[in-house]
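Novice: here's my sequence, what's the structure:
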Amino acid sequence: MADIRETSGFFLDDPQKLDNPFPDFAYFREHHPVFYYPPLNSWFIFSYDDVQNLLRDDRLSADRMKGFVDAAPLEVRKDLAQLAPFLEKTALMKDGQDHARLREFLNLGFNPDRVRAMQGVIQQIVDELLDKVAAKGKMDVCGDLAFLLPAYVLSHMLGIHLEDSSKVVQWSVDFVDFFNVVPITVDNTRRLLASAFAMIQYTRSVIAERKAKPQDDFLGILVSAQAKGANFTEDDIVANAMLLLLAGHLAVRNLIGNAVYLLLTHPDQLELVRTNPSLLHNLIEETLRYETPITMIPRVALLDFDFRGQSIRVGQIVQLSIASANRDSAHFPDGECFNILRPAAKNLSFGEGPHGCLGALLAKEEAQIAIASILSRLKNLKIDDRVPIRWYRNAGNRGPVNLPVIFDPGGAAKSRT
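Specialist: Predicted coordinates:
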């Protein structure tokens, strides 16, 4: 007899299972690590080794924009098709030489030296955000910090005017909701379209400013490189600025929220970090593994091929379950336990291979600086049990929508000047 997990109540269709899919993940890793789900015409890959191998497999394509268009409701499909050519220009949707070409120019803004140079800016933004709540004795870790920090960092990095940062926040939300809610809705599509076309227009205006007056920000660097003959177009620049909003906002927001929640609900682990701040790095890595911010990475089969005894057909979606892979006991013994002293092992939260996340180092820097500042400035930090925590747990990501905390306002040190 087939297990009920295979015939009904698949974790994507059941809100309770979507909230806690890990028992199902363990079942599928053991019994059906490569599983076909007919309602979505999609394959789901659950084990660490299979996910890691398929992240590098050139039989699978990252170019899945057509799939998003085809899956959109009919009344918005035509409008989405008009936007698709822009989104298809992002490195997120490219393969092979085209992808390598885009990665090369994006690396101009994401090399390790430039990321390290952002540490002071990140710290300043974190301090300013904490200054606004320090005297209150309470805050929402997500709404007051984790939600805003990556948008402000990206605004600074791109060279977007400070007064326009609120636009970046809204654009980010609309991009994230479209690409991570299954099935695609009319409302999410319309909000994506409005934000995408607004951002295209805005980015073109910033590019025009950089052409008239060069600056050493991300867009300025790319405009200068293009003027010197680099192999990319203005449309490439515009499209990949949009990519940063999708890839650079959601993971950081979820990572910070998840890490603070896990510390406050695991007092033994919190004490370890307070006693030895060098364990912050371990905290970040273990949070990425245990509560993966981006839970699945989709790919499209470029041809028919057999994998682990299953026949994958051209055009089918292959969903790589990062969240399941990161709890695979074959690589992470006692993987259902949150343990920042866990021996080092590579989690797959930022992908791997040619499409490994370009902004992984920046995301970790933002999270580490934010959490270090929260722990050092906010004394007697606790979850505020009077306010319910809401969770953002859908097909693609996991993290708290809000995380209310209380602390001793008298122990909140002022930020550095």
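
Novice: so, low pLDDT: which residues of the stretch 101-250 of the chain?
Specialist: 182, 245-247 (pLDDT under 70).

Novice: let's go with 90 and repeat that
Specialist: Counting by pLDDT under 90, the stretch 101-250 of the chain has low-confidence residues at 101-116, 151, 154-185, 199, 216-222, 224-233, 235-250.

Novice: which residue ranges of it form helices?
Specialist: With DSSP state H, counting those that start in this stretch, the ranges of helices along the stretch 101-250 of the chain come out as 112-117, 119-131, 149-158, 165-180, 186-212, 218-227, 234-265.

Novice: CSV for these, including mean neighbour count and distance to Pro39?
Specialist: All C-beta atoms are positioned from the backbone trio N, CA, C, and that covers glycine. Formatted as CSV, the entries for the helices of the stretch 101-250 of the chain read as follows, by neighbours: other CB atoms under 10 Å; distance: least, CB to CB, whole Å:
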stretch, mean neighbour count, distance to Pro39
helix 112-117, 12, 41
helix 119-131, 17, 42
helix 149-158, 23, 33
helix 165-180, 20, 18
helix 186-212, 17, 19
helix 218-227, 19, 41
helix 234-265, 23, 25
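
Novice: nearest residue to Gln48 in space, please, no chain neighbours.
Specialist: In this structure residue 48 is Tyr, not Gln. Asp328 (3.8 Å; CB to CB, 6 or more residues apart in numbering).

Novice: does the one you found belong to a helix, a strand or coil?
Specialist: Put simply, Asp328 is coil when judged by DSSP: H, G, I helix; E, B strand; the rest coil.

Novice: ok, it - contacts?
Specialist: Applying CB atoms under 8 Å, 6 or more residues apart in numbering to Asp328 gives the contacts Arg29, Ser47, Tyr48, Asp49, Gly335.

Novice: before we move on, what about Phe11?
Specialist: Residues counted as contacts of Phe11 (CB under 8 Å, 6+ apart) are Arg5, Lys17, Leu18, Pro21, Asp24, Phe25.

Novice: run through who's touching the helix or strand containing the third one.
Specialist: Of the helices and strands defined by DSSP states H and E, Leu18 is found in helix 15-19. With contacts defined as CB under 8 Å, 6+ apart, helix 15-19 is touched by Gly9, Phe10, Phe11, Leu12, Asp24, Trp391, Arg393, Asn394, Ala395.

Novice: just give me the least confident of those residues.
Specialist: Looking at these by pLDDT, the weakest one is Gly9, with 68.

Novice: return the distance of the residue positioned nearest the centre of the chain relative to Val69.
Specialist: Among the residues of the chain, the one closest to the centroid is Ala251, at 2.7 Å (CA atoms, centre = their mean). As defined by CB to CB, to the nearest Å, Ala251 lies at a distance of 25 Å from Val69.

Novice: do the same with Arg390
Specialist: Relative to Val69, and taking CB to CB, Arg390 is found at 31 Å.

Novice: so these two - more neighbours on which side?
Specialist: Here Arg390 and Val69 are set side by side on neighbour count (other CB atoms under 10 Å), and the busier one is Val69, at 21 against 11.

Novice: and the pLDDT for the more buried one?
Specialist: 87.

Novice: looking at it, it is touching Gln82, isn't it?
Specialist: No. Contact status for Val69 versus Gln82: not in contact, 9.9 Å apart, counting by CB atoms under 8 Å.

Novice: on the three-state scheme, Asn380 is what?
Specialist: Three-state secondary structure (criterion: three-state DSSP) places Asn380 in strand.

Novice: skip the chain neighbours and tell me the closest residue to it.
Specialist: Here the residue nearest Asn380, using CB to CB, 6+ apart, is Asp408, at 4.4 Å.

Novice: equivalent analysis for Leu244, please.
Specialist: Taking CB to CB, 6+ apart as the measure, Leu244 lies nearest to Leu154, with 5.7 Å between them; neighbours along the chain are not counted.

Novice: and for Thr292?
Specialist: Ala323 (4.2 Å).

Novice: and the strand or helix carrying the one you found, what's buried?
Specialist: Secondary-structure assignment from DSSP H and E places Ala323 in helix 322-325. Within helix 322-325, the residues that qualify as buried are Ile322, Ala323, Ser324, Ala325, counting by 16 or more other CB atoms under 10 Å.
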